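Q: Sequence and predicted structure are below.
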Amino acid sequence: MEYIVETENLTKRFGKELAVSALEMRIPKGEIYGFLGPNGAGKTTTIRMLLGLMRPTSGSIRIFDKDLTRNRINILKRVGSLVENPSYYPHLTAYENLEALRKILGVSKARIMGVLKIVRLQEVANKKVKGFSLGMKQRLGIAASLLNNPDLLILDEPTNGLDPSGIIEIRQLIQRLPQDYGMTVIISSHLLSEIDQMATTVGIVSKGRMIFQDSIDEMRKFAKQKVLLKVSDSKAAWRALLAKGLRADLDNGNLSLLNRTDEKVAEAVKYLVQEGFSIYRVEEEKKSLEDVFLQMTKEEHVG
Ligand SMILES: Nc1ncnc2c1ncn2[C@@H]1O[C@H](COP(=O)(O)OP(=O)(O)OP(=O)(O)O)[C@@H](O)[C@H]1O
């Protein structure tokens, strides 16, 4: 497999504290790599090392199959990044802000409208940034990170502080990048729900260590959610569902459906009602990243 990013034993210490510990990151080409972990897990430290902003205590980083320390400038020319909240000139327009960066990067003027289109800000290109919502500012930050037409895009918590519609906009924008532009994307987050529908590969860090690295489908097996049913007689209802061939679980008196498709849930509910059960609640079990961690640390899985 062709890896765009490959780290060996990547380690960073701050005094006695081990912020990143023997990380073996493997990011295949064209993937959206969700880099997940709770606050303080070491995501930002790892990203800073990938961007050559911080030296590893030990270990090595290969990007585009070249060693980062020896080919720093050539590698970073092909990398775009958005780390921390970007700063803008609020009294300048979106276009003018990008123009200032364009000159530094030495890319063509045409690229400015190109990246504004990608992030769907072309219509407000000539509006001052001070009137922008947080979501628009984040999109402008992504536009800036795309100016040099990178092969690898690294976004550190780009959805931080955004409302749900802002998160969806960023998601839709990022999802198109590998297909439309051949990019590989790293996106870090402390929220599984944000990464869940965007990433194709996932790396999960906890206390500086990689505790899981595999495809999103493999991760979903761990994070499998259920539909919980609150019914009048859960044990009898469970038996009835099984007898009907519907997959269900009874755990401490709590009944849940294992097949979450709309059709199967509707079928189960309809059947139980027909059989005379009262249904008080049908709800989706929400698993937090912490729940998934707990499960994963029990069965360590680094693919
Ligand atoms: N410059 C620094 N000096 C000392 N300790 C640091 C430094 N930067 C990070 N750390 C420590 O390293 C650990 C990992 O921090 P890091 O910021 O990489 O985590 P994170 O996963 O990105 O979390 P967050 O989402 O909160 O940014 C933390 O315990 C943090 O306190």
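A: Now that the structure is in, tell me what you want to look at. Residues are numbered from 1 along each chain as shown.

Q: what does the helix or strand Thr11 falls within contact?
A: Secondary structure assigned from DSSP states H and E places Thr11 in strand 3-14. Residues from elsewhere that reach strand 3-14, judged by CB atoms under 8 Å, 6 or more residues apart in numbering: 18-29, 33, 42, 45-46, 49-50, 54, 56-65, 151-152, 184, 186, 208. Just so you know, the C-beta spots here come from the backbone N, C-alpha and C atoms, and that holds for glycine as well.

Q: If we check the ligand, which of those residues are in contact?
A: Ala19, Gly42, Thr45 (CB under 6 Å from any ligand atom).

Q: would you list those residues in CSV and tack on secondary structure and distance to Leu92?
A: Shown next, in CSV, are those (DSSP: H, G, I helix; E, B strand; the rest coil; distance: CB to CB, whole Å):
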residue, secondary structure, distance to Leu92
Ala19, strand, 36
Gly42, coil, 36
Thr45, helix, 32
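
Q: Return the member of these nearest to Gly114.
A: Taking CB to CB as the measure, Gly114 lies nearest Thr45 of these, at 32.7 Å.

Q: any idea how far the closest one is from Glu169?
A: Separation of Thr45 from Glu169 (CB to CB, to the nearest Å): 28 Å.

Q: so how far is stretch 99-107 off the chain centroid?
A: Chain-centre distance of stretch 99-107: 29 Å, with CA atoms, centre = their mean, to the nearest Å.

Q: Sorry, slip of the keys, the one I care about is stretch 5-25.
A: The answer for stretch 5-25 is 20 Å, by CA atoms, centre = their mean.

Q: Show the model's pLDDT score for the residue of the stretch 101-250 of the chain found nearest the ligand.
A: Sorted by distance to the ligand under CB to the nearest ligand atom, the residues of the stretch 101-250 of the chain start with His190, at 5.4 Å. We have a pLDDT of 87 for His190.

Q: now do Ile168
A: With respect to pLDDT, Ile168 scores 88.

Q: Am I right that it sits in a helix?
A: Yes: using DSSP: H, G, I helix; E, B strand; the rest coil, the assignment for Ile168 is a helix.

Q: measure it to Glu194 for me?
A: Ile168 is 10 Å from Glu194, where distance means CB to CB.

Q: More neighbours: those two, which one.
A: Glu194 (23 against 14; other CB atoms under 10 Å).

Q: Show the average pLDDT along the strand holding Thr11.
A: So the average pLDDT for strand 3-14 ends up being 97.

Q: Strand partners (parallel or antiparallel) of that strand?
A: Strand 3-14 sits in its sheet next to strand 17-23 (antiparallel), strand 26-28 (antiparallel), strand 58-63 (antiparallel), going by DSSP bridges.

Q: Please dump these into CSV; it should also carry mean pLDDT and mean neighbour count for every row.
A: Shown next, in CSV, are these (pLDDT from 0 to 100; neighbours: other CB atoms under 10 Å):
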stretch, mean pLDDT, mean neighbour count
strand 17-23, 96, 19
strand 26-28, 97, 19
strand 58-63, 98, 18
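
Q: May I see those strands arranged in CSV, with distance to Leu257 as well?
A: Listed next are these as CSV, based on distance: least, CB to CB, whole Å:
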stretch, distance to Leu257
strand 17-23, 38
strand 26-28, 34
strand 58-63, 44
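
Q: The ligand contacts on the stretch 151-300 of the chain?
A: Close to the ligand, as judged by CB under 6 Å from any ligand atom, the stretch 151-300 of the chain has residues His190.

Q: give me that answer again for 5 Å
A: Nowhere does the stretch 151-300 of the chain come near the ligand, counting by CB under 5 Å from any ligand atom.
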